[in-house]
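**Student:** How does the following fold in three dimensions:
(chains A and B)
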There are 2 protein chains.
Amino acid sequence: MEDTKILLKESEIPTSWYNIQADMPTPVKPPLSPVTGKPATPEELGAIFPEEIIKQEVSTERFIEIPEEVQKLYRLWRPSPVYRAHRLEKALDTPAGIYFKYEGVSPAGSHKLNTAIPQAYYNKKQGIRRLATETGAGQWGTALSMACKFFDMECSVYMVKVSYEQKPYRRSIMQLFGAEVFASPTDKTDAGRAVLKEHPDSLGSLGIAISEAVEDAVKNSDTNYALGSVLNHVVLHQTVIGLEAKKQMEKAGYYPDVVIACSGGGSNFGGIAMPFVHDKIKDGKKTRIIAAEPAACPSLTKGKFTYDYGDVAHLTPKMMMYTLGSDFVPPGIHAGGLRYHGASPIQSQLLHDELIEAVAYDQQDIFEAAMLFAQNEGIVPAPESAHAIKAAIDEALKAKEAGEKKTILFNLSGHGYFDMASYDNYLSGKLQNSSLSDDVLQETLSKLQ
Amino acid sequence: MEDTKILLKESEIPTSWYNIQADMPTPVKPPLSPVTGKPATPEELGAIFPEEIIKQEVSTERFIEIPEEVQKLYRLWRPSPVYRAHRLEKALDTPAGIYFKYEGVSPAGSHKLNTAIPQAYYNKKQGIRRLATETGAGQWGTALSMACKFFDMECSVYMVKVSYEQKPYRRSIMQLFGAEVFASPTDKTDAGRAVLKEHPDSLGSLGIAISEAVEDAVKNSDTNYALGSVLNHVVLHQTVIGLEAKKQMEKAGYYPDVVIACSGGGSNFGGIAMPFVHDKIKDGKKTRIIAAEPAACPSLTKGKFTYDYGDVAHLTPKMMMYTLGSDFVPPGIHAGGLRYHGASPIQSQLLHDELIEAVAYDQQDIFEAAMLFAQNEGIVPAPESAHAIKAAIDEALKAKEAGEKKTILFNLSGHGYFDMASYDNYLSGKLQNSSLSDDVLQETLSKLQ
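**Tutor:** Next comes the predicted model:
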């Protein structure tokens, strides 16, 4: 009987992360200080990040060793399986082979724990007592709460207010892991108070919550800030996904023709993609590498490649990235984890250099894809991850039309057990088209230099 | 670096289930027809069950082959991992080795899919179009909905009304898999209408919902009934858990001194325990095998070993089992899946013969155990499964006191991602002691012969 899953032993978990900065044809542009407008110095970044993280952010070493304590904790769920989606292939009647890497087996429910653990570790090592962060959909907040508990640290999570109210169980799970969770904007920070003064009923946004968490870290010397996506060190930590997946595809005897992941800030995309981007750059592989984003927040497909802030209050450095503008507030789609105005600088540079592609989907289409996937494979995907499923299905149908035996690999970044209200919405026919109008798009882009 | 998980290959998934009925010192007593009071005939059972299931119910073959289609579907998630709970051991500072088999990796979130798939398969094979069932906490309804979708069958779930209202997302996930879900008692069945006539505001119970589902199956020739626990064939299907676990413990190099599972109807308990009960009977092993039940519904520790009905309306056969009485309605604890008045006849007979033990816990204690487990191992357990955790912790602490290097194996039957409201309740200090008073216990037992 043919295997459904391609499994690795614990001894096959990578012992180093892969750093694409060693191999990029065009290096990532440096972040600019929000104060001086010049490249941010390690001292400036040191106010909110530990030394090891700052080093990783700019490193051009090809492989960076994973600390033993981090490796041990990875073993709580890694290596994650690669599945062959036999039943989905049959339902689509496609000659393509569809494989997916399943990061939802993490106890936090998504890939976010891959970076939460090393971030907590490096901060702990430097004597930091508490981490402050933001969370939108709640995946990142859950992962960081868990990681802090593992290292006996405190964790403060600024949760976008609309999520705080709509997803009470996400808040509960963070509290279960000992975090304190605030509905952002709060009256605890200058950034939060400024928003509340103008908009007392503000439902918050990731950009606001980031400002609050950064301010908290800057003002408290025993506290650092942790970000769950976008930055180079986050992409680095996530490469365990792609490194494992490459070994697994080798075992299966296929090299993927297409590699796909959903994309908001770009961390799970970077995680699965970078080891394959390496092969394109170094070995001349022709793999297509696709980032799937929401049409409601189309930074990669419709944004501008320019320097922009990471947050609303402009406390973060400016980064060179595809962006819709740091004060753009995307419509309230169900894939809350993809509602970020920018994309990771690494991914942005690679897109600019045409080493990767991007595609955008409306939420109606991604839920349809999610349903087809769930009913065949059993796993209920997070709405974020469903963007990757939609792209994989599209590619499988194209292969069918062309009569080609393509091999498609996508990353299923997390499960959807905390997103059943969104599925309810879809099943009851209440889901709305969420694509941005050209007017809104032009308006937000016009604010960028 | 030491492995955290003990993994098997897909080719190591058992190809046969183990049938304890081949080896029991005292055979299980036959079910009695609710109409004649005599042993129920295959014809009577044929009104709601397919032929293969009825054969399995009474079979004394030691091994029963798992159909190939079922084996293929098992590969969607099996073999499930056995974890060594290193971090929990350290937190308890115990010399004991704590291992757990994790059934929460199933896409339905619990062990229930192990029997839902073969039940759907045998019914489909016999030309049945639709399955009717009940669900309390929702684990079983989720699993059967998924299994029916896999075999292109319809599924009707009578969900205990209090759960239907308190756990809307459990309803959503069943609907996502195409099931129709009714809040029981309904006005669709005689049994439901009879309850509503007397108690228009009834919040339902498992006993009522079973009556409704059985009636639905009896009255519709294209529809059969499926039960998620209690019966012999369900325990049979669940033995994949214990068969895998035995192989995994062999790989680890330890034979367990203690085997533990939570127990409501007894299916996950039977699943992990039976292969080890075999070794006690056949090889003279001294393993202690412990069923952990809620003090709110203590059928094994406080019930009577007698013939009793499986449901409120007395539509099911009478079974020889430990029971609190078929009209006993347990307090509304958070471990809804353990709120059943009886226990599986196999387990009951083994308890009566002192081959297994039972222990009961208050819900305050099981949530405390669940928190300690989650904060160390990362996995949030279902409140049902937390009963097994509590028993494992107690055994580990006893080993510490005695300075003994015991090996403890427990079954973690499911995850708690749909139970965050219960954790909220615990975290906010609102959880109430749920143990039965002696008065209530005496009153319900006095109604039994």
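
**Student:** and A:Asn220, how many neighbours?
**Tutor:** Applying other Cβ atoms under 10 Å in any protein chain shown, we find 14 residues neighbouring A:Asn220. Glycine gets a C-beta too; all of them are placed from N, C-alpha and C.

**Student:** Would you enumerate the residues in contact with A:Ile389?
**Tutor:** Residues counted as contacts of A:Ile389 (Cβ atoms under 8 Å, 6 or more residues apart in numbering or on different chains) are A:366, A:369-370, A:373, A:381, A:410, A:412.

**Student:** Can you tell me how far it is from A:Ala396?
**Tutor:** Here A:Ile389 is placed at a distance of 10 Å from A:Ala396 (Cβ to Cβ, to the nearest Å).

**Student:** Distance from stretch A:31-45 to the middle of the chain?
**Tutor:** Its chain's average C-alpha position is 24 Å from that of stretch A:31-45, according to Cα atoms, centre = their mean, to the nearest Å.

**Student:** next one: stretch A:204-216
**Tutor:** For stretch A:204-216, the distance to the chain centre is 17 Å (Cα atoms, centre = their mean).

**Student:** what sits against the spatially most central residue of chain A?
**Tutor:** For chain A, A:Ser267 is the residue whose C-alpha lies nearest the centre (Cα atoms, centre = their mean; 3.6 Å). A:Ser267 is in contact with A:111-112, A:115, A:228-230, A:234-235, A:238, A:344, counting by Cβ under 8 Å, 6+ apart.

**Student:** If we use 6 Å, what do you get?
**Tutor:** Residues counted as contacts of A:Ser267 (Cβ atoms under 6 Å, 6 or more residues apart in numbering or on different chains) are A:229, A:234, A:238.

**Student:** Show me what counts as buried in the lowest-mean-pLDDT helix or strand in chain A.
**Tutor:** Least confident helix or strand, chain A: helix A:161-166 with a mean of 88, by mean pLDDT, DSSP states H and E. When burial is assessed from 16 or more other Cβ atoms under 10 Å in any protein chain shown, helix A:161-166 yields the following buried residues: A:161-164, A:166.

**Student:** just the CA coordinates of the helix or strand that it is followed by, formatted as CSV?
**Tutor:** Moving toward the C-terminus from helix A:161-166, the next helix or strand (DSSP states H and E) is helix A:168-176. Only the C-alpha atoms of helix A:168-176 are listed here, as CSV (Å, rounded to 0.1, in the frame of the first residue of the first chain):
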residue,chain,number,x,y,z
PRO,A,168,-12.2,35.0,22.7
TYR,A,169,-10.8,31.5,22.6
ARG,A,170,-7.5,32.8,21.0
ARG,A,171,-7.2,35.1,24.0
SER,A,172,-8.0,32.1,26.4
ILE,A,173,-5.2,30.0,25.0
MET,A,174,-2.7,32.7,25.4
GLN,A,175,-3.8,33.2,29.0
LEU,A,176,-3.6,29.4,29.5
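
**Student:** who's in contact with helix A:168-176?
**Tutor:** Outside helix A:168-176, the residues that touch it by Cβ under 6 Å, 6+ apart are A:138, A:141-142, A:145, A:157, A:181, A:418, B:420, B:423-424, B:427.

**Student:** contacting residues around A:Leu92?
**Tutor:** A:Leu92 makes contact with A:Ala396, according to Cβ under 6 Å, 6+ apart.

**Student:** For it, give its distance to A:Leu412.
**Tutor:** A:Leu92 is 16 Å from A:Leu412, by Cβ to Cβ.

**Student:** thinking again about what came up before, can you tell me which of the contacts of A:Ile389 is closest to A:Gly192?
**Tutor:** Taking Cβ to Cβ as the measure, A:Ile366 is the one of these closest to A:Gly192, at 31.8 Å.

**Student:** ok, that closest one to A:His387 distance?
**Tutor:** Taken as Cβ to Cβ, the span from A:Ile366 to A:His387 is 5 Å.

**Student:** Could you do A:Thr15 as well?
**Tutor:** Here A:Thr15 is placed at a distance of 31 Å from A:His387 (Cβ to Cβ).

**Student:** can you check A:Tyr225 too?
**Tutor:** Counting by Cβ to Cβ - A:Tyr225 and A:His387 are separated by 27 Å.

**Student:** Of the two, which one has the most company?
**Tutor:** Legend: neighbour count by other Cβ under 10 Å for A:Tyr225 and A:His387, higher for A:His387 (33 against 23).

**Student:** Helices along the stretch 101-250 of chain A, start to end?
**Tutor:** Along the stretch 101-250 of chain A, the stretches classed as helices by DSSP state H, counting those that start in this stretch are A:113-125, A:139-150, A:161-166, A:168-176, A:190-198, A:206-219, A:232-252.

**Student:** Looking at those helices, which one is packed in the most?
**Tutor:** Across the helices of the stretch 101-250 of chain A, averaging neighbours per residue (mean count of other Cβ atoms under 10 Å in any protein chain shown) puts helix A:139-150 on top, at a mean of 29.
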